[in-house]
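Colleague: I need the structure of the sequence given here:
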Amino acid sequence: MPFLHNGSLLQRSVRHATYVNFPRPDDCSYLHQLPVEEQCEFVEMTEACAESEYFFNYVGYLYCTIGSDREYLFNFGFVLLLCICVYYFIILGTTADKFFCPTLAAIAKALNISEALAGVTILAFGNGSPDLFTAVANPDADTELMFSELLGSAAFVIGVIGGTVLLIQPFDFPPLSISRDLSFFIAAIVWITLKAADERFSLYDSAILIGMYLLFLSLVIWEFIQQRQEMHRAQSLVNPGAGEQRVTNVPANEGLLVDFCNHINPLDLEEWNDGGWATRTFCLLKAPFVLVLLLTIPIVDTDVERDGWCKMLNICHCLTLPLLIVFVNGVAFITIAKVYIFVLVILVALPVMVVIFYTSRTDRCPRYHKLLTLLSFLGCIQVIYVVAQEVVSVLETVGIVLKLSKSVLGLSLLAWGNSVGDLFSNVALARLGYGKMAFAACFGGPLLNLCLGLGLTLMTKAFGVQDLIADVRKGVMGENCEVYLFQILTTTWLCLLFTNFQGRRSVGLAMIVTYLMFLIFSFLGEFELIHPYGTDHHPDPNGG
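Modeller: Model (predicted):
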């Protein structure tokens with residue numbers, strides 16, 4: 001792969017000088033303007049190069065640990081980086097399939113809500129809240145990257161993930177619910193397009209954008225209340241018989257250690273026994289991380305024996321999961337009343353572990369086992385977020401190496417990286433038969449990020465200036481994202497209207513094809529073969 005080093009192929013990606021800002025000296029992509037021997041020092045001294053770092057500094061690994069002057073080692077390191085990214089995808093898929101999806105199904109069953117409602121609320125908040133908090137916590141971030149990333153992620157989640165869900169499990173849509181979701185999303189896109197056309201977004205514009213989501217959420221909650229009332233009326237007509245209490249003389253801790261060992265086996269024995277060498281190699285590759293997940297995240301699955309209850313293992317989860325959360329978020333050594341937070345976690349967890357030990361049995365799950373669904377949900381969200389952030393870091397590094405512009409980087413690599421958690425969780429749900437929940441989340445999550453993430457961020461920026469108007473840059477690909485996201489939404493709605501709201505595989509295929517059109521158009525603009533929407537087609541009057 002010598003082309004990564006000498007840039008022979010990448011000469012095609014030089015953008016039009018008339019409508020693209022060239023890299024600034026404080027931008028990490030500026031390193032390509034420097035001699036090879038100065039690139040490592042630039043990476044170490046430039047704050048922008050550390051923005052992509054979460055746990056590991058992949059840019060430093062390539063340009064300092066290996067060094068861009070060693071061509072073949074650099075290319076080997078780049079390939080190794082891509083292999084690491086593939087392993088992250090395996091981790092995400094395993095977490096979603098084995099832990100996250102059963103937990104969501106258990107929550108929906110416990111709350112007695114429909115799949116679609118669970119998808120647009122619980123799953124949407126689970127998938128979207130980490131990105132929302134990240135956006136709100138960085139109000140001074142580059143709006144060009146924010147626009148292309150949020151809109152590009154929305155296009156990917158709706159077009160590709162939503163389309164894939166329909167390809168896996170076609171189903172009929174409730175006309176009112178899907179029309180509500182589509183109309184609110186289209187309204188949000190139109191509002192953003194109109195108000196950000198002059199690259200200015202006022203405080204009131206942001207407030208209306210946030211209000212759109214609050215109104216959407218109010219309608220969803222009203223639907224939830226209506227469903228609960230109907231369900232209660234139906235249940236009142238049924239007189240269930242008294243449950244039969246099982247009496248047993250088996251000791252409460254019979255087979256405690258055997259049960260524990262069975263539950264922490266990271267290998268799927270059925271998959272191992274039935275698979276060939278490739279399947280077994282795959283099982284061995286993911287086994288270390290599966291073991292870590294088993295020891296930290298409780299499994300609550302209503303489709304397996306005892307709903308996934310394992311007394312010894314679930315007792316351990318009361319300690320290991322809180323410790324995982326405080327350590328990966330970097331708050332373990334913060335003190336409260338001169339006591340480290342991780343010490344407080346241990347002091348709180350130990351009495352809980354003792355209570356569970358003396359109030360539960362090995363052979364059946366206790367009544368409070370459902371409370372573990374909350375722990376499982378938080379643990380899955382934490383793991384998916386951390387691994388997805390590492391994927392984003394790898395993809396940002398790939399974008400720097402390939403010299404992609406910020407706009408294209410945001411709508412492609414970063415959009416895919418930020419949506420990889422949605423991809424694996426929603427597709428896994430569809431494979432397990434929860435297609436309605438997965439498809440609803442494909443609208444709920446992006447709408448949450450777009451309205452609240454963008455709205456709150458721009459509102460914060462507007463508060464910081466005297467005229468209460470934030471300056472925004474959509475970038476060269478911003479209008480591309482708006483136009484094609486609008487097209488994906490309207491195409492989906494029209495296809496459903498023509499099929500009488502039957503979510504056929506053909507509808508899913510149309511959604512994916514529309515997204516591919518958007519991607520092709522964007523990359524043609526990036527490689528200067530065509531002009532993207534909204535670019536300056538006039539020559540530079542200064543002759544540049």
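Colleague: can you pull out the strands in this structure?
Modeller: Secondary structure of the chain (DSSP state E): strands located at 171-172, 200-202, 335-336, 339-340, 469-471, 502-503.
Colleague: nearest to Val401, of the ones you listed?
Modeller: Between Val401 and these, the tightest spacing by Cβ to Cβ is seen for strand 469-471, at 30.6 Å. The way it works is simple: take the backbone N, C-alpha and C, and place the C-beta from them, glycine included.
Colleague: How about that closest one, which residues are buried there?
Modeller: Under the neighbour-count criterion of 16 or more other Cβ atoms under 10 Å, strand 469-471 has Ile469, Ala470 buried.
Colleague: Please name the residues that touch Val398.
Modeller: Contacts were defined as Cβ atoms under 8 Å, 6 or more residues apart in numbering; by that measure Val398 touches Phe78, Leu81, Leu82, Leu413.
Colleague: Let me know which of the strands of the chain is the nearest to Leu62.
Modeller: Ranked by Cβ to Cβ, the member of those that lies closest to Leu62 is strand 469-471, at 33.8 Å.
Colleague: now Glu51, nearest residue through space, not along the chain?
Modeller: The spatially closest residue to Glu51, leaving aside those adjacent along the chain, is Cys28, at 7.5 Å (Cβ to Cβ, 6 or more residues apart in numbering).
Colleague: same question but for Asp205, I mixed them up
Modeller: Ranked by Cβ to Cβ, 6+ apart and with sequence neighbours excluded, the top spatial neighbour of Asp205 is Lys195, at 4.4 Å.
Colleague: what sits against the one you found?
Modeller: The neighbours of Lys195, taking Cβ under 8 Å, 6+ apart as the test, are Phe201, Ser202, Asp205.
Colleague: And Glu47, how far from Glu53?
Modeller: Relative to Glu53, Glu47 is positioned 11 Å away (Cβ to Cβ, to the nearest Å).
Colleague: And the two? Which one has more around it.
Modeller: Using other Cβ atoms under 10 Å as the criterion, Glu47 and Glu53 rank with Glu53 on top: 16 against 8.
Colleague: neighbours around Val190, how many?
Modeller: Around Val190 sit 12 other residues, with neighbours defined as other Cβ under 10 Å.
Colleague: Dead centre of the chain: give me the residue that sits there.
Modeller: Nearest to the centroid of the C-alpha atoms of the chain, with distances taken as Cα atoms, centre = their mean, sits Gly421, at 3.7 Å.
Colleague: thinking that residue is in contact with Ala388, fair?
Modeller: Yes. Because the distance of 4.6 Å satisfies Cβ atoms under 8 Å, Gly421 is recorded as touching Ala388.
Colleague: any common contacting residues for those two?
Modeller: Leu92.
Colleague: Any figure for the gap between the spatially closest residue to Ala155 that is not a sequence neighbour and Ile107?
Modeller: Spatial nearest neighbour of Ala155, chain neighbours left out: Leu485 (4.8 Å); criterion: Cβ to Cβ, 6+ apart. Leu485 sits 30 Å away from Ile107, taking Cβ to Cβ as the criterion.
Colleague: and those two? which has more neighbours close in?
Modeller: When neighbours are counted by other Cβ under 10 Å, Leu485 comes out ahead of the other of Leu485 and Ile107, with 30 against 20.
Colleague: can you pull the contacts of the more buried one?
Modeller: For Leu485, the contacting residues are Leu151, Ala154, Ala155, Ile158, Ile189, Phe518, taking Cβ under 8 Å, 6+ apart as the criterion.
Colleague: top of those by neighbour count?
Modeller: Within the contacts of Leu485, Leu151 tops the neighbour count with 30 neighbours, counted by other Cβ under 10 Å.
Colleague: On the pLDDT front, check that residue for me.
Modeller: At Leu151 the predicted local confidence, pLDDT, stands at 85.
Colleague: In contact with it, which residues are there?
Modeller: Remark: with contacts taken as Cβ under 8 Å, 6+ apart, Leu151 is in contact with Leu411, Leu450, Gly478, Cys481, Glu482, Leu485.
Colleague: Give me the distance between it and Phe518.
Modeller: From Leu151 across to Phe518, the span is 10 Å (Cβ to Cβ).
Colleague: Give the residues shared as contacts by the two.
Modeller: The contact lists of Leu151 and Phe518 share Cys481, Leu485, where a contact means Cβ under 8 Å, 6+ apart.
Colleague: So what's the gap between the lengthiest helix in the chain and the chain middle?
Modeller: Determined from DSSP state H, the single longest helix within the chain is helix 203-236. Centroid displacement of helix 203-236 relative to its chain, using Cα atoms, centre = their mean, to the nearest Å, is 23 Å.
Colleague: Stretch 480-491 now?
Modeller: With Cα atoms, centre = their mean as the basis, the distance from the averaged C-alpha position of stretch 480-491 to the chain average is 21 Å.
Colleague: next one: stretch 419-429
Modeller: Here the centre of stretch 419-429 is set off from its chain's centre by 8 Å, with Cα atoms, centre = their mean.
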